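A.B. asks: Sharing a model that was predicted from the sequence below.
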Protein chains: 2
Amino acid sequence: MKKWLVLVAGFFLLLLLRVQPVFSQDKDLIREANQYFKPLPEVMSAPEDNPATRAKLELGKMLYFEPRLSKSDTISCNSCHNLATGGVDNLPTSMGHLAQFGPRNAPTVLNAGLQIAQFWDGRAATLEDQAKGPILNPMEMAMPDVELVLSRLRTIPEYVELFKKAFPEDKEPLTYDNIAKVIAAFERTLLTPSRFDDFLKGKADALSSNEEKGLKLVIEKGCIACHNGVGVGGGMYQKFGVLGRYEYSDDQGRFHVTKNDQEKYFFKVPILRNVTRTSPYFHDGSIWDLKETVRIMGSLQLGKDLTRAEIDLIVEFLHSLEGRIPEEALRLPVLPASTPATPKPVFK
Amino acid sequence: MKKWLVLVAGFFLLLLLRVQPVFSQDKDLIREANQYFKPLPEVMSAPEDNPATRAKLELGKMLYFEPRLSKSDTISCNSCHNLATGGVDNLPTSMGHLAQFGPRNAPTVLNAGLQIAQFWDGRAATLEDQAKGPILNPMEMAMPDVELVLSRLRTIPEYVELFKKAFPEDKEPLTYDNIAKVIAAFERTLLTPSRFDDFLKGKADALSSNEEKGLKLVIEKGCIACHNGVGVGGGMYQKFGVLGRYEYSDDQGRFHVTKNDQEKYFFKVPILRNVTRTSPYFHDGSIWDLKETVRIMGSLQLGKDLTRAEIDLIVEFLHSLEGRIPEEALRLPVLPASTPATPKPVFK
């Protein structure tokens, strides 16, 4: 009986010796990671003048998928920010009106509302401001003016009703501002919690051993200087090409907005959540391979020649940022039919 | 007590007198309608060599929404047969590769598998045959060859796995034929039961009084000569312009397929289910207003000048054909990411 007890005690002692160090290492890494990153919130906070309501979210989703917001009736928000493909179109730059191509790569809509600002150059402060841009951009959805946008919707009785429900206190509920508000409200639901969030919250086995190694490299190599916070990026502007010139593009980024010489080649640091789904990379979409992207980042931003093995581990970690899109957002809305009064698509 | 009984009996007698005639008229109309139409089946029957399985349906839906089946990575089946908008794109003719426009209006994918054949001219016998057309059509998805289609998918490990699951007995599961098979299997789930089905099955109050009047007109005026059966159309070919020439198009329709002089200007009679959502109308998409469409049909096909009131009632009836798309079909799939080996989009 004593022998048996000793055996059992010995077994547990061995187990403890094996497990304890790993477990405490995990805990250390979780603690360290929480210094730089934050798990996604349950709900994205909304601006005071646009609180989320069910009526807004439903209408917002409809408009997000609404091709009649484009001149040709062929382009919706979802065309370039496709929820089926990481919230992007996986093109170097997006295809707009009559197959025109814009100058910059479409950033993901997923978690976009967590960012410091919208667009690569941060020229829109909020999701509301952003939503107003592409609809009227001649290279994108190409609506010639706000009036055409409004009359496309105003001639569809279901939309008139839905705007009334979404803005019960507004005298004129169907306005361009309110279109932007409901789209933004919908976009704020696009939080994509991932295994990395589980890890940050203390679930040590949420990341594989290689992913943890990748995370350590992201911290040690200094990626976290810019890619940090709740979005793992999206929180600041930074010069692209700190230690050398990016050879594929001469886009001066934020300088075009601020005209400040100090901000030449500055861009918003992109969110890395779901980055494994959003190729091609960089503001010009020149680089298709995420590993090559990480290599260029190490070289141009940190002055470090990352080894093949290091890059592989970092990319393994990035896979842990693949999140789950809310089911409700993935349910395709059924859009109301046009009426004979609805302005027709224009193909010129 | 006796007086009370008489009152009650009198009340019920009056009720009977009021209700009975209407009810029996309804029953007559239901009986008559069932001579020409059939409610949708619970499940669409599949060809022997392509029985539906869960694995096929899931993969099929992914490919239905897969823009990488097009040369430019921008066009999926859903681009022109959008489940959010009645299974069509609401354009006169669809926008294909680099904003080219084809010659004919996109027919709805909803209930399409119930038809005698696919395309306006019936040149594809099955949904499987149909699915193979647009992918390789230079005006549509514009893939230069089958090999590029296959290598786009073969380089994505998730797709390789899903094809294995969908075709566990095939030596080479990822083939062009199997791509068509899974897309067709998914499309067979797109049955859209409507209030008209409830009516056919005996629910007398499923149609409003005006809708019933419209239905009677559809029967009496002779529309049911062609628009009949389970699809309320889709079951035969017919000359467009039996009693006069359709002035907007010189497309000779089925003649291009059969080279049979007797079939000049013949087209497949379109399904009328969801027709209120699928403007513009006719094979060339020239007519946007459904009422004008009904007027032209009466005139050119039946030699009848329908009155404004008759047209209004017929269109009221057509609204009862608006169906419910299965929830499962409306859930947008999340598509797997490309790999560095995946052939890139081509914009020429």
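C.D. replies: Received it, and whenever you're ready, just let me know what you need.
A.B. asks: now what about stretch A:64-74, what contacts it?
C.D. replies: Identification of contacts with stretch A:64-74 by C-beta atoms under 8 Å, 6 or more residues apart in numbering or on different chains yields A:63, A:75-79, A:97-98, A:135, A:140-144, A:148-149, A:152-153, A:179, A:183, A:186-187, A:332-333, A:335, A:338, A:342, A:344-347, B:79, B:82, B:84-85, B:89-91, B:95. In this view, the C-beta of every residue, glycine as well, is placed from N, C-alpha and C.
A.B. asks: What parts of the stretch 1-150 of chain A come near chain B?
C.D. replies: Contact residues, the stretch 1-150 of chain A versus chain B (C-beta under 8 Å from any C-beta of the partner chain): A:65, A:67-68, A:72-74, A:79, A:82-86, A:89-91, A:95, A:98-99, A:101.
A.B. asks: List only those of those residues flagged as buried.
C.D. replies: A:65, A:67-68, A:72-74, A:79, A:82-86, A:89-91, A:95, A:98 (16 or more other C-beta atoms under 10 Å in any protein chain shown).
A.B. asks: is it true that A:Glu328 touches A:Leu191?
C.D. replies: No: look at A:Glu328 against A:Leu191 with C-beta atoms under 8 Å: they stay out of range, at 11.6 Å.
A.B. asks: The two: which is more packed in?
C.D. replies: Using other C-beta atoms under 10 Å in any protein chain shown as the criterion, A:Glu328 and A:Leu191 rank with A:Leu191 on top: 22 against 11.
A.B. asks: Now do the contacts for the nearest residue to that one once chain neighbours are set aside.
C.D. replies: Using C-beta to C-beta, 6 or more residues apart in numbering or on different chains and skipping residues adjacent in sequence, the residue nearest A:Leu191 is A:Leu40, 5.1 Å away. A:Leu40 is in contact with A:111, A:114, A:191-193, A:197, A:230, A:323, counting by C-beta under 8 Å, 6+ apart.
A.B. asks: Please report how far A:Leu40 lies from A:Gly202.
C.D. replies: 15 Å (C-beta to C-beta, to the nearest Å).
A.B. asks: Helices along the stretch 1-150 of chain A, start to end?
C.D. replies: With DSSP state H, counting those that start in this stretch as the criterion, the stretch 1-150 of chain A has helices at A:2-36, A:54-64, A:77-80, A:127-136, A:146-154.
A.B. asks: Let's have those in a markdown table, adding mean pLDDT.
C.D. replies: What follows is the helices of the stretch 1-150 of chain A, written out as a markdown table (pLDDT from 0 to 100):
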| stretch | mean pLDDT |
| --- | --- |
| helix A:2-36 | 78 |
| helix A:54-64 | 98 |
| helix A:77-80 | 98 |
| helix A:127-136 | 98 |
| helix A:146-154 | 98 |
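A.B. asks: Out of those helices, the one nearest A:Leu272 is which?
C.D. replies: Nearest of those to A:Leu272, taken as C-beta to C-beta: helix A:2-36 at 12.0 Å.
A.B. asks: Let me see the ranges of the strands in the stretch 201-348 of chain A.
C.D. replies: In the stretch 201-348 of chain A, the segments counted as strands under DSSP state E, counting those that start in this stretch are A:237-239, A:266-268.
A.B. asks: Centre of the chain to the first one, how far?
C.D. replies: How far strand A:237-239 lies from its chain's middle: 17 Å, per C-alpha atoms, centre = their mean, to the nearest Å.
A.B. asks: and if you look at the last one?
C.D. replies: Relative to its chain's centre, strand A:266-268 lies at 15 Å (C-alpha atoms, centre = their mean).
A.B. asks: where does the closest residue to A:Leu29 other than its chain neighbours land on pLDDT?
C.D. replies: Spatial nearest neighbour of A:Leu29, chain neighbours left out: A:Glu212 (5.9 Å); criterion: C-beta to C-beta, 6+ apart. Note on A:Glu212: pLDDT of 98.
A.B. asks: can I assume A:Glu212 is in contact with A:Asp26?
C.D. replies: Yes: contact criterion C-beta under 8 Å: A:Glu212 and A:Asp26 qualify, at 7.4 Å.
A.B. asks: Low-confidence stretches in chain A?
C.D. replies: A:1, A:13-22 (pLDDT under 70).
A.B. asks: how about 50 then?
C.D. replies: Chain A contains no residues with pLDDT under 50.
A.B. asks: Excluding sequence neighbours, find me the nearest residue to A:Leu200.
C.D. replies: A:Pro39 (4.5 Å).
A.B. asks: wait, what's in contact with that neighbour?
C.D. replies: Neighbours of A:Pro39 in contact, by C-beta under 8 Å, 6+ apart: A:193, A:197, A:200-201, A:230.
A.B. asks: A:Phe11: what's it in contact with?
C.D. replies: With C-beta under 8 Å, 6+ apart, A:Phe11 has no contacts at all.
A.B. asks: quick one: it and chain B, what's the gap?
C.D. replies: 40 Å (C-beta to the nearest C-beta, to the nearest Å).
A.B. asks: again with A:Phe267
C.D. replies: 23 Å.
A.B. asks: One more: A:Leu136?
C.D. replies: Distance from A:Leu136 to chain B, by C-beta to the nearest C-beta: 19 Å.
A.B. asks: correct me, but that residue touches A:Leu148?
C.D. replies: No: contact criterion C-beta under 8 Å: A:Leu136 and A:Leu148 do not qualify, at 9.6 Å.
A.B. asks: can you list contacts of stretch A:297-312?
C.D. replies: A:217, A:221-223, A:226, A:238, A:240-246, A:291, A:294-295, A:314.
A.B. asks: What are the buried residues along stretch A:46-60?
C.D. replies: Buried, per 16+ other C-beta under 10 Å, within stretch A:46-60: A:46, A:50, A:52-53, A:55-60.
A.B. asks: Just give me the neighbour total for A:Arg295.
C.D. replies: Going by other C-beta under 10 Å, the residues that sit close to A:Arg295 add up to 20.
A.B. asks: Please disregard the earlier target; I meant A:Leu5.
C.D. replies: Using other C-beta under 10 Å: A:Leu5 sits among 9 other residues.
A.B. asks: Look up how far A:Phe12 lies from it.
C.D. replies: Distance from A:Leu5 to A:Phe12, by C-beta to C-beta: 11 Å.
A.B. asks: Next: A:Asn82.
C.D. replies: In terms of C-beta to C-beta, A:Asn82 sits 53 Å off from A:Phe12.
A.B. asks: And the residue of the stretch 101-250 of chain A closest to chain B?
C.D. replies: A:Phe101 (7.3 Å; C-beta to the nearest C-beta).
A.B. asks: Now do the contacts for the nearest residue to that residue once chain neighbours are set aside.
C.D. replies: Closest residue in space to A:Phe101, ignoring its immediate chain neighbours: A:Thr93 at 5.0 Å, by C-beta to C-beta, 6+ apart. A:Thr93 is in contact with A:101-106, A:284-285, counting by C-beta under 8 Å, 6+ apart.
A.B. asks: Sort out which of those residues are buried, if you could.
C.D. replies: Buried among those by 16+ other C-beta under 10 Å: A:102, A:104-106, A:284-285.
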